[in-house]
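Chemist: Need coordinates for the below:
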Amino acid sequence: MKIELVLIVFTLAITTSYPKSFICNAFSLTSSVANPKQDYTLSSGANPKSSVRFESPLLDAGYPPAVTEYRAKTLGKKPLLLYLPGFDGTLLAPFLQFPELSTEFDVKGMTVDMSDRSSVEDLKEIVLDFIEKETKPDMDRPVYIMGESFGGILTLEVALAIRERNASIGKECIDAKTAINLQGISLINPATSYNDSDLAKDGPPLTRVSPMLYPFELMKLLPLFTDDYGFSQLLLILQSKGLPSVIDNEQREAYMGRTAFSLPTKMKFMPQETLKWRLEEWLAKGC
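Modeler: Next up is the predicted model:
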């Protein structure tokens, strides 16, 4: 929700603050490379209402270094870095960091559709299935998982499941080839203390208001997701006074521009029933 407000402003500002040369460069680089998508739609056997997708965000954006590696079939030689998103279920929050991360990792990310009704257990199994398929050609391939907000909760669930699975090899009838070489996890503002948070107090009442009032009431949650530092940094970008340190070359600037222009098509309004599901089934039960 904070992402939707901040990035709408960011998108509008990009189109007005940056010179035409920046904007044209963003689109010219997009058209000069192929844009191979790697989307995986998996259905959980336990929940037919699952709608989860795994993407290569840099390939989807036509980021030239990633496309070059894809064409050379060298991405699979890098460690896998899987990003598990927060409450919004999108890959918007860390998009500026993806190019720098891709210098060391094959970056993939999970998205969850607003219609999805997967439980934490469903999502855990879907993530495990995806990692197993990605590492099947090389079971020694290092795997790293990065989870933000709710994604931090899910990362812990997945990491524990991997540890239990690997520990069972040799003790039970589990093929050693199914072992996952998990090398590390990164938790970014994990929602592990949700039950003691203001969101746990202020969020549930919104699931009971009139549908007509819901969009307006939803705005009341914004202060829970904002901070002065983030807005001050955003202001510098909007005033063309500086770029994030990770956006340090022409290709990355073009990538930032392309992604900014595409944000309106990627940001989705969170329906009231989805808010209710994610508060109760993801956050409350996940904690």
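Chemist: what's the spacing between stretch 259-279 and its chain's center?
Modeler: 12 Å (CA atoms, centre = their mean, to the nearest Å).
Chemist: now the strands for the stretch 1-150 of the chain?
Modeler: Using DSSP state E, counting those that start in this stretch, the strands of the stretch 1-150 of the chain run over 40-44, 47-55, 80-84, 106-112, 143-148.
Chemist: could I get those as TSV with mean neighbour count?
Modeler: The way it works is simple: take the backbone N, C-alpha and C, and place the C-beta from them, glycine included. Below are these laid out as TSV (neighbours: other CB atoms under 10 Å):
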stretch	mean neighbour count
strand 40-44	15
strand 47-55	18
strand 80-84	25
strand 106-112	24
strand 143-148	23
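Chemist: Of these, which is nearest residue 74?
Modeler: strand 106-112 (9.2 Å; CB to CB).
Chemist: Just the CA atoms of that closest one, as CSV, please.
Modeler: Included here for strand 106-112 are C-alpha records, laid out as CSV according to Å, rounded to 0.1, in the frame of the first residue of the first chain:
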residue,chain,number,x,y,z
ASP,A,106,20.4,-15.0,-10.9
VAL,A,107,17.5,-12.8,-9.5
LYS,A,108,14.1,-14.3,-9.4
GLY,A,109,11.0,-13.0,-7.6
MET,A,110,7.6,-14.3,-6.5
THR,A,111,4.4,-12.4,-7.2
VAL,A,112,0.9,-13.2,-5.8
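Chemist: Tell me the neighbouring strands of it, and mark each as parallel or antiparallel.
Modeler: strand 47-55 (antiparallel), strand 80-84 (parallel) (DSSP bridges).
Chemist: could you give me the average pLDDT of the shortest one?
Modeler: This means strand 80-84. Model confidence over strand 80-84, given as mean pLDDT, is 98.
Chemist: for the first one, same thing?
Modeler: Strand 47-55 comes out with an average pLDDT of 79.
Chemist: Quick check: which ranges of the stretch 101-250 of the chain have low pLDDT?
Modeler: 170-177, 227-231, 233-235, 237-241 (pLDDT under 70).
Chemist: quick one: the helices in it?
Modeler: For the stretch 101-250 of the chain, the helices defined by DSSP state H, counting those that start in this stretch occupy 120-135, 150-168, 198-202, 214-218, 228-238, 250-266.
Chemist: The third one: which residues count as buried?
Modeler: By neighbour count, with 16 or more other CB atoms under 10 Å as the criterion, the buried positions of helix 198-202 are 199-200.
Chemist: what sits up against that helix?
Modeler: With CB atoms under 8 Å, 6 or more residues apart in numbering as the test, helix 198-202 has contacts from 194, 220-221, 224, 279, 283-284.
Chemist: from the residues you listed, which is closest to residue 120?
Modeler: For those, the nearest to residue 120 is residue 283 (9.2 Å; CB to CB).
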